[in-house]
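Visitor: Sequence below, structure please.
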Amino acid sequence: MRARKAVIPAAGLGTRFLPATKAQPKEMLPLVDKPAIQYVVEEAVRAGLDDILMVTGRGKRALEDHFDHAIELERQLAATGKESLLAAVQAVTNLALMHYVRQGKPLGLGHAIGCARHHVGDEPFAVLLGDDLLGEDEKLLSQMVDVCEESERTVIAVMEFGDDALSKYGVVAAEPDPDMEGVYQVTDLVEKPGKANAPSNLCIIGRYVLTPDIFDHIASTKPGRGGEIQLTDAMRAQAREKPIRAIKFDGTRYDVGLKSDYLRATVQLAVQRDDLGPGFVAFLREFMAGIDDELAG
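Guide: Model (predicted):
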């Protein structure tokens, strides 16, 4: 069975971006003129996943409002002849079939995914973490859906990071799959092990295509680091029963939960825009020339 649903956990408090996130969800922080969460939903839709469940929490009503109709706004845009803006607003509403469920307590990513069990049912599904933003031309998620369908195994995305990142991510023990080019067989996963205990430098990033048996593993997973139910621990149990798969990603990725990557993503997205890019690039060149002059002086 091919995955056709996506789950996007969005219940976090966004404390790294305080005070900006005191009264708005971190997922609604704009990258140029679209909130970060919209880029993630658009990626899911490009991969053929147009049934999307967002796992939210308190203070996240703006997420629902963003993907809902804004009748008064649409009427005003139509009445004032702002057709391009009207089309942009309506396109957001028509992106996908959106559903929402609340994670009652902040008990970890594994618990958040477990909240999707009733909606997903007995079929594979994708998980996209809202902090991970991929380049709009990347085909990673589509490839993962294909591999899951072919192998009937959970598929995760990994990237090769330096030693300093091994205490920040889940890390896998893996070897190349002899039957699938560019794919790894994963036999073990460790949550934030640090350099001394890491089985490799392949770190899990925020894209997963999970088979439905993951829900049973989540249900039997005890709280781990931070007293939370870790998705990595549930997938570790899954991998012990039968190796799961991983695709190594070498493309464009930003962790927009970090201020530095958030700024980088904003700049790159602006540069790539036909309407903004030329003028913005000219500004950046002039700005950097001024900095170089200051440093030289």
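Visitor: you'd agree residue 249 is up against residue 156?
Guide: No - in this structure residue 249 lies outside contact range of residue 156 using Cβ atoms under 8 Å: 10.1 Å. For the C-beta atoms, the positions are set from N, CA and C on the backbone; glycine is no exception.
Visitor: Between these two, which is the more surrounded one?
Guide: Per other Cβ atoms under 10 Å, whichever of residue 249 and residue 156 has more neighbours is residue 156, with 28 against 18.
Visitor: hang on, the more buried one is in a strand, isn't it?
Guide: Yes - looking at residue 156 with DSSP: H, G, I helix; E, B strand; the rest coil, it is inside a strand.
Visitor: Centre of the chain to the helix ranked longest in the chain, how far?
Guide: Longest among the helix segments of the chain by residue count, using DSSP state H, is helix 277-296. For helix 277-296, the distance from its own C-alpha centre to the chain's C-alpha centre is 32 Å (Cα atoms, centre = their mean, to the nearest Å).
Visitor: again, but for stretch 74-92
Guide: Its chain's C-alpha centre lies 28 Å from the corresponding centre of stretch 74-92 when counted by Cα atoms, centre = their mean.
Visitor: Just the CA trace of that stretch, in CSV.
Guide: Output in CSV follows, covering the C-alpha atoms of stretch 74-92 (Å, rounded to 0.1, in the frame of the first residue of the first chain):
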residue,chain,number,x,y,z
GLU,A,74,-11.5,37.1,0.3
ARG,A,75,-14.6,39.4,-0.3
GLN,A,76,-12.5,42.5,0.3
LEU,A,77,-9.7,41.4,-2.0
ALA,A,78,-12.3,40.6,-4.7
ALA,A,79,-14.1,43.9,-4.2
THR,A,80,-10.9,45.9,-4.5
GLY,A,81,-9.6,44.0,-7.6
LYS,A,82,-6.6,42.4,-5.9
GLU,A,83,-6.9,39.3,-7.9
SER,A,84,-3.4,38.0,-7.4
LEU,A,85,-3.6,38.3,-3.6
LEU,A,86,-7.0,36.6,-3.7
ALA,A,87,-5.6,33.7,-5.7
ALA,A,88,-2.7,33.3,-3.2
VAL,A,89,-5.1,33.3,-0.2
GLN,A,90,-7.5,30.8,-1.8
ALA,A,91,-4.6,28.5,-2.9
VAL,A,92,-3.6,28.0,0.7
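Visitor: For it, list every residue counted as buried.
Guide: Of the residues in stretch 74-92, 77, 86, 89, 92 count as buried by neighbour count, 16 or more other Cβ atoms under 10 Å.
Visitor: rewinding a little: give me the common contacts of residue 249 and residue 156.
Guide: In terms of Cβ atoms under 8 Å, 6 or more residues apart in numbering, residue 249 and residue 156 are both contacted by the residues residue 207.
Visitor: Let me see the contact set for the spatially most central residue of the chain.
Guide: Using Cα atoms, centre = their mean, the residue of the chain that lies closest to the mean C-alpha position is residue 129, 2.8 Å off. By Cβ under 8 Å, 6+ apart, residue 129 lies in contact with 8, 9, 109, 205, 206, 207.
Visitor: Between these, which sits nearest residue 123?
Guide: Checking these against residue 123 by Cβ to Cβ gives residue 8 as the nearest, at 17.1 Å.
Visitor: Would you confirm that the closest one belongs to a strand?
Guide: Yes - with three-state DSSP as the criterion, residue 8 is located in a strand.
Visitor: Tell me the bridge partners for it.
Guide: Taking DSSP bridges, one finds residue 54 as the beta-bridge partners of residue 8.
Visitor: Now do the helices for the stretch 1-150 of the chain: every range, in order, please.
Guide: Under the criterion DSSP state H, counting those that start in this stretch, the stretch 1-150 of the chain carries helices at the ranges 36-46, 61-66, 71-79, 83-93, 109-114, 117-120, 140-151.
Visitor: any idea how far residue 234 is from the residue nearest to the centre of the chain?
Guide: Shown here: residue 129 relative to residue 234, a distance of 15 Å by Cβ to Cβ, to the nearest Å.
Visitor: got it, and residue 6?
Guide: Residue 6 sits at a distance of 18 Å from residue 234 (criterion: Cβ to Cβ).
Visitor: Quick one: neighbours of residue 121, just the number.
Guide: Around residue 121 there are 11 residues (other Cβ under 10 Å).
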